[in-house]
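Undergrad: Provided below for reference: sequence and predicted model.
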Amino acid sequence: MSMEEQISTKNKKLIQLLIVFTGVSSIITQLVSIRECYAQFHGNVYVIAMIFFVWLIAGSIGTLLASQCPQKVLTFKSLGFLSIALAIFPGMQLLIIRFLMQIIFIEGAEIGFYNTFSFVACTLSIYPLLIGLALPFTYFVFRSSCEALKTEKVYIYDNIGDALGGLIFSFFLVQTCSPIMGTSLMNLPLLITGIYLLIQNIHSKYINCSLTLISLSLFIIPFLLEHISLNLNHKKMVHYEESCYSRIQVFQDGTRYILTKDGIPQSNERNISFEESMVHFGLSQVKTIHRVLTISANKGILLEIQKYQPEWIENIEIDPVKGKVEHQFGFLPHFENLLSIYTDGRKYLQETSNDYDAVILNLPEPDTFQVNRFYTQTFFKTVQSKMNSDGVVVFSIDGFDSYLSETRNKQISSLYQTALSVFPHVKLYPGERIYFVCGNMPLQMDIPELLSQKKIQTRYVQYYYYGDISQQRIEYLQAHLIPSVSINYDNIPILVRLTVENWLSAFHSDFQFFIMGILALFCLCSFMTTTTEFVLFSSGMTLMGFEILLIFLFQMRMGDVYYQVCWIVTCFLLGLIPGAYFSSFWIRTRNISRMLLFKLDLFIMVMIISFLLGLVWLPYSVSFMLFLGFGLILSMLCGFQFPLVLHMHETSTKAITRFFAADILGAAFGIVLVSILGIPYFGLAWTAFGLGIVKLLSCIRFLQPIKF
């Protein structure tokens, strides 16, 4: 083998490793950054979609910028600097988010939508822009020395890195490493590769040593500052742990402990009015209490339940790490009749054979698809099937002072009508919070009298009930309830939209302006693409949109089993690899026709139709393998298309970057339109139908040149 051939082979192996390392870095940094923002902003479904959208838009801009790089910049030295920057920036990005949050925003204050959007756009744009630039930049640098490396191979290696990054994060990093430690460990190969490229192309030992020391120093600094960045409020942090579900921190303030889950504080001090209301408004209605089920109950709620001397209390908590910490620091009591069960609450209720006298839901308001599952008609039917004849279910949402806004009124009315569609008797107790008590037997409003009959002493209800739950407030609320408002179904989670709209109205944020802007940008991108670009654009949108749909459908029907949801995401990443590989093999062995892309679009539409039919005909509980199989086949079809398009335009640098950008842009619109517009406003079926319409437009654009 000649020297040139040896160099070419060496460079080819280097590019393969570099692309895989970049893919691993991209996915892990994306997931960690989104998790960080979720913890900082207590994110609802709109905030999550916004973070994904900003990330992908910045990535597509970076991809387009690669085609504008002059030839003299496309060197191994530049690639080395870019790789080092990609390795260093993830840890720095997390520090920037944490420090700027403390500088810009008041601690503990809720942040509005547009302030959140501006912060996310400023702090999360640089790294994804560099990642978007990196893949085509790497290909252009190596193209001159590795002619055998086809563009579709770059796509395959990138997907291998993405899938590997998703697997490592979901099944290893999230359980064993802190965010900065995890991202740094996974970016270490990229750092080493970048330093190697510089050493090979800079022939000054002094400069090489200096650049290596500077790079390593910047790489290590986030490690040293991680603990400080988590404790910026100057309280004494006595415990910190990252679980699969959330970030758990415990702070000590004198003799008081404060537990925060994703930034939401929970004190070990009692909130007497809330805890007594949650328990006694419902349990006082029941003749005898034998077994009570609580979901995410706190210490005060469990102490109040003990006054009824039940035989068993089952407390469901999805996060075992949070449960362990709560017991360790006294946030939960130790009772002989208390069973702590760590699983998804909805899944447990579907599977348990126990019957309950009371079910208490201590959950946040339904501003995400995950929480909304506990406020739907189907869930209430499940609860009713597990209740005794005189049992009750109790939950609460934020109340109102003297005026009920239109959005809040719709939210309360929808929740009331949803509960009333299942339970014959539903009572609302409008105090500082609005407490819902639902049952099969008639319910009473005079709670102090019921407690007096049971000889149960309270510190709040028996003294302040008549002043807070006044007849005037009850009549005002009942008079404003809207009977015609939509019921909250599993497939049409209207409460997610209403809850987020109520949050937006608190900050006087006109969200319609944001939606119109997104739709205008979507139309602009659609019209500016060529036919083949629109194929990738629509496929990226379809793939990402159905990933969101499938995750939500799985959570709704099967319960939020974290590892199974991770497998669904992983299947969508893994399916791209065999799809792209078989496409590459097809290119080498057969003649490629432009109509093959059209046929693949038709196959994708068949998958969409099968999804719609499955929503109607398949039973409520289906095999987990069906979810995995659907995601795998759909991603294989989309992965098959990309190398075909690249093969048709192999020599065009501008076309290659536009194709990569079209795929990323489609994914961005798929996430934001499905999450904030499709599912909350139209439900699963119509959202899937809308994605089918986008794919139909792709087919029409293929046929138009043939017809006309």
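TA: Noted; the coordinates are in hand. Residues are numbered from 1 along each chain as shown.
Undergrad: pretty sure Leu481 is touching Ala419, no?
TA: No - contact criterion C-beta atoms under 8 Å: Leu481 and Ala419 do not qualify, at 11.7 Å. No exception for glycine: its C-beta is placed from N, CA and C like everyone else's.
Undergrad: quote the end-to-end distance of stretch 264-278.
TA: 20 Å (C-alpha to C-alpha, to the nearest Å).
Undergrad: meant to ask about stretch 345-359, not that
TA: Stretch 345-359: ends 11 Å apart by C-alpha to C-alpha.
Undergrad: just how off-centre is it within its chain?
TA: Offset of stretch 345-359 from its chain centre (C-alpha atoms, centre = their mean, to the nearest Å): 27 Å.
Undergrad: and what of stretch 439-450?
TA: The gap between where stretch 439-450 is centred and where its chain is centred comes out at 40 Å by C-alpha atoms, centre = their mean.
Undergrad: helices along the stretch 1-150 of the chain, start to end?
TA: For the stretch 1-150 of the chain, the helices defined by DSSP state H, counting those that start in this stretch occupy 3-41, 45-66, 76-104, 113-123, 126-143.
Undergrad: now do the buried residues in the shortest one.
TA: Neighbour-count burial for helix 113-123, with 16 or more other C-beta atoms under 10 Å as criterion, is recorded at 113, 116-117, 119-121, 123.
Undergrad: cool, the last one as well?
TA: Residues of helix 126-143 classed as buried under the neighbour-count rule (16+ other C-beta under 10 Å) are 126-143.
Undergrad: next structured bit after that helix?
TA: Following helix 126-143 in sequence order, the next helix or strand is helix 151-168 (DSSP states H and E).
Undergrad: how is the protein carved up into domains?
TA: Taking automatic domain parsing as the domain assignment, the ranges for the chain are 1-231, 236-265, 270-492, 510-708.
Undergrad: and those domains as CSV, adding distance to Leu498?
TA: CSV is the format used below for the domains of the chain (distance: least, C-beta to C-beta, whole Å):
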stretch, distance to Leu498
domain 1-231, 12
domain 236-265, 21
domain 270-492, 4
domain 510-708, 9
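Undergrad: now render the ones you listed as a markdown table, adding mean pLDDT.
TA: Formatted as a markdown table, these follow (pLDDT from 0 to 100):
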| stretch | mean pLDDT |
| --- | --- |
| domain 1-231 | 84 |
| domain 236-265 | 84 |
| domain 270-492 | 92 |
| domain 510-708 | 85 |
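Undergrad: more neighbours: which of Leu481 and Ala419?
TA: Ala419 (24 against 17; other C-beta atoms under 10 Å).
Undergrad: outside of the helix or strand that one falls within, which residues touch it?
TA: Element membership of Ala419, judged by DSSP H and E, is helix 406-420. The contact list for helix 406-420 (C-beta atoms under 8 Å, 6 or more residues apart in numbering) reads 375-377, 380, 397, 400, 404, 426, 428, 434, 436, 438, 477, 480-483, 485-488, 494-495, 498-499, 501-502, 505.
Undergrad: that one: which residues count as buried?
TA: Buried residues in helix 406-420, defined by neighbour count with 16+ other C-beta under 10 Å: 407-420.
Undergrad: between those residues, which sits nearest Glu533?
TA: Closest approach between the buried residues of helix 406-420 and Glu533, by C-beta to C-beta: Thr407, at 39.6 Å.
Undergrad: buried stuff in the helix or strand following the helix holding Ala419?
TA: For helix 406-420, the following helix or strand on the C-terminal side (DSSP H and E) is strand 425-430. Buried residues in strand 425-430, counting neighbours by 16+ other C-beta under 10 Å, are found at 426-430.
Undergrad: could you do stretch 434-451 as well?
TA: 434-440, 443, 447-448, 450-451.
Undergrad: any chance of TSV for those, columns secondary structure and distance to Lys654?
TA: Formatted as TSV, these follow (DSSP: H, G, I helix; E, B strand; the rest coil; distance: C-beta to C-beta, whole Å):
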residue	secondary structure	distance to Lys654
Ile434	strand	58
Tyr435	strand	62
Phe436	strand	59
Val437	strand	64
Cys438	strand	61
Gly439	strand	67
Asn440	coil	68
Leu443	coil	69
Ile447	helix	71
Pro448	helix	76
Leu450	helix	75
Leu451	helix	75
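Undergrad: which one of the residues you listed sits closest to Met278?
TA: Closest to Met278, out of all of the buried residues of stretch 434-451 and judged by C-beta to C-beta, is Tyr435, at 6.9 Å.
Undergrad: contacting residues around that closest one?
TA: By C-beta under 8 Å, 6+ apart, the residues touching Tyr435 are 277-278, 281, 394-396, 428-429.
Undergrad: could you dump the buried residues of strand 425-430 into a markdown table with distance to Leu302 added?
TA: Putting the buried residues of strand 425-430 into a markdown table (distance: C-beta to C-beta, whole Å) gives the following:
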| residue | distance to Leu302 |
| --- | --- |
| Val426 | 25 |
| Lys427 | 23 |
| Leu428 | 24 |
| Tyr429 | 21 |
| Pro430 | 25 |
